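Colleague: have a look; sequence and predicted model below, questions after that.
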Amino acid sequence: MLRRYVPDESHVLQYDAVELDDRLTFVEEPVAILARDVRRLCSRAIPVVKVRWRHRPVEEATWETEHEMRVQSPDLFEHSVGEVAYELALPPAFSAIHPVFHVSMLRRYVPDESHVLQYDAVELDDRLTFVEEPVAILARDVRRLCSRPIPVVKVRWRHRPVEEATWETEHEMRVQSPDLFEHSGTS
């Protein structure tokens, strides 16, 4: 059965404007510098940058020489604001950081014992796999699924902070580790 098409604004697809040059070829624009590196070629060091291009996903970012990218799009790089200050081209995620810094703000890093992070020893089984063990029950709740009550408990796991506690079904936790319920005083 054929139906008549009724035009509607919701059927219109949004698109990005595609730029073409005078020979009607697709023009690629760099959008952001994602990383920096120095590549070695024989005895020469070549600075390269990882560039994200417009109309392409981040996974398709390419490594280009820094000199070539500075010539093609200098606005992606930091530029000098006077003799001793620089302005960085920061991504939108860092909008809270002021983009201009003074050279006198740069300091040499001095190693200190207090900067070393402490970690818990991770216990591995005979196959060298990490086994997560529940430590405590933090909260209880009853959730509904198709008008059926399902009791759930919030479980804190060993070697994980309290913020990473997860909600698990009470039945699964009673089967996996019944000793948790003995310590909590509930049966």
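Modeller: Ah, there it is.

Colleague: list the contacts for Ser10?
Modeller: Counting by Cβ atoms under 8 Å, 6 or more residues apart in numbering, Ser10 touches no other residue. (Glycine included, C-beta is placed from N, CA and C.)

Colleague: ranking helices and strands of this structure by mean pLDDT, which lands last?
Modeller: In the chain, no helix or strand scores lower on mean pLDDT, DSSP states H and E than strand 79-80, which sits at a mean of 64.

Colleague: domain assignment for this structure?
Modeller: Residue ranges for the domains of the chain, per automatic domain parsing: 24-105, 115-187.

Colleague: how about those in TSV, adding mean neighbour count and distance to Asp8?
Modeller: Conversion of these to TSV gives the following (neighbours: other Cβ atoms under 10 Å; distance: least, Cβ to Cβ, whole Å):
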stretch	mean neighbour count	distance to Asp8
domain 24-105	12	27
domain 115-187	11	35
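
Colleague: lowest-confidence stretch among the ones you listed?
Modeller: Ranked by mean pLDDT, the domains of the chain end with domain 24-105 at the bottom, a mean of 75.

Colleague: what separation is there between Val71 and Thr65?
Modeller: Using Cβ to Cβ, to the nearest Å, Val71 is found at 10 Å from Thr65.

Colleague: which SS state does the one residue sitting closest to the centre of the chain fall under?
Modeller: Centroid-nearest residue in the chain, with Cα atoms, centre = their mean: Ala93, separated by 10.7 Å. Secondary structure, DSSP: H, G, I helix; E, B strand; the rest coil: Ala93 is helix.
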